[in-house]
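Could you work out the structure for the sequence below:
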Amino acid sequence: MEIPPKSPDGSEKSPQFKELLTSNTASTLCISSRSESVWTSASRSKWDIYHKPVIVVSVGSAIFLFGIVITSLSCILTENEKVYKMCGPAFLSLGLMLLVCGLVWIPIIRKKQRQRQKSQFLQSLKSFFFNR
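Take a look at the predicted model:
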């Protein structure tokens, strides 16, 4: 059996083990989390909420249309036909992927907004009844 090396200060436990015991992992995770707190009730505009999926949908639509144009060029132009036939479907699939991802993202955000509103409502009810 292998004997674990002793730490420099002579104690039985390794420095990594001590660091794990003394670190505040939960508080670190909460601080570094990008999710919004339920306790903040700052209202945000629709653009602040939906700007990322709208941008993804817009870029996806533009790339998809560009793919349609390039694919149709392979039918019209005979020079560089192989390049158009290779690039057209690639842009079509990339644009369609971004478009679908953005369109699926919007209902997810709506559902999260409803859950956040319910949670804030329940928190206010709880504080009303328990703070009396």
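
what about the chain, any weak spots by pLDDT?
1-42, 132 (pLDDT under 70).

pull the longest helix from it.
helix 81-130 (DSSP state H).

Mind giving me the packing neighbours of that one?
helix 46-76 (3 or more Cβ pairs under 8 Å, 6 or more residues apart in numbering; DSSP states H and E). Using the backbone N, CA and C atoms, a C-beta is placed for each residue, glycine as well.

circling back to that earlier point, just the angle for the longest helix of the chain relative to helix 46-76, thanks.
160 degrees (axes from the mean of the first three to the mean of the last three Cα atoms, to 10 degrees).

In this structure residue 92 contacts residue 68, no?
Yes - with contacts counted by Cβ atoms under 8 Å, residue 92 reaches residue 68, the gap being 6.8 Å.

Mind checking which of the two has more residues around it?
Neighbours were counted for residue 92 and for residue 68 using other Cβ atoms under 10 Å; residue 92 has more, 18 against 14.

And residue 79, how far from residue 102?
To residue 102, residue 79 is 35 Å away according to Cβ to Cβ, to the nearest Å.
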